[in-house]
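Peer 1: build me a model:
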Amino acid sequence: MLQKNIETFIGCDAEYEDAAVVLYGAAFDSTTSFRPGTRFGSRAVRSESFGLETYSPYQDKDLCDYAVFDSGDPELCIGDAAIALSQLEERAEQIFADGKIPFMIGGEHLVTLAAVRAAVRRYPDLHILHFDAHADLREDYLGAKLSHACVLRRCWELVGDGRIYQFGIRSGDREEFLWSREGHVVMHPFDVKGIEDALEKMKGHPVYVTVDLDVLDPSIFPGTGTPEAGGVSFLELLQAILTACKGADIIGCDVNELCPSYDPTGVSTAVAGKIIREFLIGLCAGIEEH
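Peer 2: As a prediction, this is how the structure comes out:
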């Protein structure tokens, strides 16, 4: 009997009731300040994921051994950031309510705010682990408070001082760096060193992990809207994520800012897919261990 065609991220075809982790896309890029196109990231990475194996030689585990459900991309109001965030928040809230871990694929980085809003209602002592080239701590960007340049500042308004740990930061305006040094966030510029110490400080607290893929050096990952030279390597980011999967109580996460049209070779999409595969396996293995 023929079945309807449903494209999922490779290995993520479990039934919703059985899944511990639920994928969903966030096809939104309306506040992008430089090069748009990340709204196509989740669709591209699903399609290209079939060029990957489900087995991870890094972890000696296979994604097919775990139950992950891909719920697709909710239809979003592209022209209004507030409405789009509300729609994404609703998807995250439903996943939380069913006792599962939401895993969002962006999309621009503002979409993280929607998931954090849902998470902090359920986990008032939420902490955030943030990998990025950019601080994203502006009070506003050209007058707009809902912008990918302000997303971690909006998240800080929800969680408060000392609960956001940033890694790989190498771009931002002076005020962002000065503001961070006042103790509002814990910033580790340029690289991912110190991840173990950060995880030790977050121990016993629920953690949301957000990965902006432009934390990677653009020689590895050119397919993004705001590339910044001097980033970390694939293996450095991979090791940091897997360390977090083992050492943190991760209750939700996202991987964002793939802009596939700016890398016609497809390498950036393949890199994003591999990061997502490894993150999913590490997350599911961590759930089993706990």
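
Peer 1: where are the low-confidence patches of the stretch 1-150 of the chain?
Peer 2: Along the stretch 1-150 of the chain, the model assigns pLDDT under 70 to residues 1-5.

Peer 1: the helices in it, which residues?
Peer 2: Listed in chain order, the helices found in the stretch 1-150 of the chain under DSSP state H, counting those that start in this stretch are 41-48, 81-97, 111-122.

Peer 1: among these, which is nearest Gly273?
Peer 2: Closest approach to Gly273 among the helices of the stretch 1-150 of the chain (C-beta to C-beta): helix 41-48, 5.1 Å. From N, CA and C alone the C-beta is placed, and that goes for glycine too.

Peer 1: next, count neighbours for Ala248.
Peer 2: For Ala248, the neighbour count with other C-beta atoms under 10 Å is 22.

Peer 1: please apply the same query to the one 5 residues further on.
Peer 2: Close neighbours of Cys253, defined as other C-beta under 10 Å, add up to 26.

Peer 1: buried sites along the biggest helix by length in the chain?
Peer 2: Taking DSSP state H as the criterion, the chain has its longest helix at helix 267-289. Buried residues in helix 267-289, counted by 16 or more other C-beta atoms under 10 Å: 268-286.

Peer 1: do the same with stretch 198-212
Peer 2: Judged by neighbour count using 16+ other C-beta under 10 Å, the buried positions of stretch 198-212 are Ala198, Leu199, Met202, Pro206, Val207, Tyr208, Val209, Thr210, Val211, Asp212.

Peer 1: for the second one, list the residues it contacts.
Peer 2: Think Leu199. Leu129, Thr243, Ala244, Gly247, Ala248 (C-beta atoms under 8 Å, 6 or more residues apart in numbering).

Peer 1: the fifth one too?
Peer 2: With contacts defined as C-beta under 8 Å, 6+ apart, the neighbours of Val207 are Leu126, His127, Ile128, Leu129, Ala244, Ala248, Asp249, Ile250, Ile251.

Peer 1: picking that back up, so for Phe221, which of the helices of the stretch 1-150 of the chain sits nearest?
Peer 2: helix 41-48 (11.9 Å).

Peer 1: who's in contact with that closest one?
Peer 2: Here helix 41-48 makes contact (C-beta under 8 Å, 6+ apart) with 7-9, 25-27, 70, 73, 105-107, 256-260, 266, 269-270, 272-273, 276.
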